[in-house]
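Enquirer: Predicted model follows, preceded by the sequence.
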Amino acid sequence: MTDESTTGEESRMADEDRMPDGSSTSGEGRTPETAVAQGYETLLALLESHGPLESEVIAARAELAVAVARAGRYDEALYQADELAKDCRREHGTEEMREGAPVPDDAHPDILVAERARAQVREMAGIVDA
């Protein structure tokens, strides 16, 4: 149930401040480019001790794609989000999902994180799915 005092625009903006894992991105004084730089640093640090398809890395890649989109770098963000979704579907999905079928609500959590990031990036880039 939503708070009736929240307008649709406020709700949309609040959703945009959420990362694919549901955490908030609103940080005091953090510019979009600072968030991108921090996202790359976090990802590189994680990759030193984690495999490329471990959940922590998937979450960092998703957050980075969304941060890149917030910085207005839509082509880069779309590429990152699409590659992440493909990687997760290939690693954790069924054959049908690997071929582009819709993702069920009970899919592997990493797939859901990747698909949420992809949807957020597409929305920010102004891409409307038919």
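Expert: Structure received. Numbers count the residues shown, from 1 in each chain.
Enquirer: If I look at the residue nearest to residue 108 when sequence neighbours are not counted, what pLDDT would I see?
Expert: Leaving aside its sequence neighbours, residue 108 sits nearest to residue 92 (C-beta to C-beta, 6 or more residues apart in numbering; 3.7 Å). Every C-beta, even on glycine, is put in place using the N, C-alpha and C of the backbone. In the prediction, the pLDDT value recorded for residue 92 is 94.
Enquirer: And the one 4 residues further on, by the same measure?
Expert: If you check residue 96, the pLDDT there is 89.
Enquirer: which phi and psi does it have?
Expert: Its backbone dihedrals place residue 96 at phi -60, psi -40, with angles given as degrees, to the nearest 10.
Enquirer: can you tell me the helix or strand for the spatially most central residue of the chain?
Expert: For the chain, residue 117 is the residue whose C-alpha lies nearest the centre (C-alpha atoms, centre = their mean; 2.2 Å). Per DSSP states H and E: residue 117 is located in helix 109-124.
Enquirer: ok now that helix, how far from the chain's centre?
Expert: 4 Å (C-alpha atoms, centre = their mean, to the nearest Å).
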